[in-house]
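Undergrad: for reference, the sequence and a predicted model appear below.
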Amino acid sequence: MILAAGTSSRMGRPKQLLLLDGRILLQHVVDLAVRAELDEILVILGHRAPEIRERLELPSHGRIVLNEDFASGQASSLRAGLAAADPEATAAVVLMGDQPGLPPHAIRRVLDAYRRTGGPVVRAYYGDVPGHPVVLGRAIWDEAVREGRDEGARAAFGSHPEWIVIERFEEALPAEVDTPEEFEALKAARSKSGGEDEGA
């Protein structure tokens, strides 16, 4: 599931719709999920959802999930996504809609680690810094999104460090695009690297 319901307040306009290499920012993350061959792809939208939905191309196994409570924070999007997931799903991969620079192999690696260890949580670390993707086994979904937790699964992670399996990456932590300056830096970095796409 791709969390992309926020208001983009620091950007000043919907960052999901920013154009990067001819595609909107959110499309890059959706395309990464498609390449990972997941069973289903849920995109959690909220602020300006109709406009974003119109610009987004989803695969046949992709669905939009509308988070009506998006203004309350990221936890509500995680809650909405898990509630909408296939009842047969045994785990969920959580991605952020503003990280188009995610390493192309990241999703497969955290999933492989989950299958190998049984989790119940597998979290990508970039060096010593935690990041995404995060795999949540179904057994801990209720605890991860318990009502009253504005910060989402992070509180559950803090209460249950024994749950977490770390999958460590050599790459730097993928940048989140929150401000115009961060977006310009991302574009400059991609231009410097020859405009390499996540499918490279």
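TA: Perfect, I can see it now.
Undergrad: just checking, what packs against the helix-or-strand element of the chain with minimal mean pLDDT?
TA: One helix or strand of the chain scores below all others by mean pLDDT, DSSP states H and E: helix 153-159, with a mean of 73. Applying 3 or more Cβ pairs under 8 Å, 6 or more residues apart in numbering; DSSP states H and E, one finds that helix 153-159 makes contact with strand 121-126, helix 141-144. In this view, the C-beta of every residue, glycine as well, is placed from N, C-alpha and C.
Undergrad: tally of neighbours for residue 8?
TA: Residues near residue 8, counting by other Cβ atoms under 10 Å, number 19.
Undergrad: that should have said residue 192, apologies.
TA: For residue 192, using other Cβ under 10 Å, the count is 9.
Undergrad: quick one: it from residue 186, how far?
TA: 11 Å (Cβ to Cβ, to the nearest Å).
Undergrad: any idea how far the top strand by length along the chain is from the chain center?
TA: The single longest strand within the chain, with elements called by DSSP state E, is strand 129-137. Its chain's C-alpha centre and that of strand 129-137 lie 9 Å apart, by Cα atoms, centre = their mean, to the nearest Å.
Undergrad: list the buried residues of it.
TA: 131, 132, 133, 134, 135, 136, 137 (16 or more other Cβ atoms under 10 Å).
Undergrad: helices and strands around it, which ones?
TA: Using 3+ Cβ pairs under 8 Å, 6+ apart, strand 129-137 is in contact with strand 91-96, helix 106-117, strand 121-126.
Undergrad: hmm, who's touching the second one?
TA: The set of residues external to helix 106-117 that reach it, using Cβ atoms under 8 Å, 6 or more residues apart in numbering, is 32-33, 36, 38, 91, 93, 95, 122-124, 132-135, 137, 165, 167, 169.
Undergrad: got it, and stretch 2-17?
TA: So stretch 2-17 is contacted by 18, 24-26, 29-30, 33, 41-49, 51-52, 55, 67, 70-71, 74, 76-78, 80-81, 94-98, 177-180, 183 (Cβ under 8 Å, 6+ apart).
Undergrad: which of the residues you listed fall in helices?
TA: 25-26, 29-30, 33, 49, 51-52, 55, 74, 76-78, 80-81, 180, 183 (DSSP state H).
Undergrad: of those residues, keep whichever come out buried.
TA: 25-26, 29-30, 33, 49, 52, 74, 76-78, 80-81, 183.
Undergrad: the residues you listed: which two are farthest apart?
TA: 80 and 183 (26.2 Å; Cβ to Cβ).
Undergrad: min pLDDT across the buried ones among the ones in helices among the contacts of stretch 2-17, which one?
TA: pLDDT across these is lowest for residue 74, at 87.
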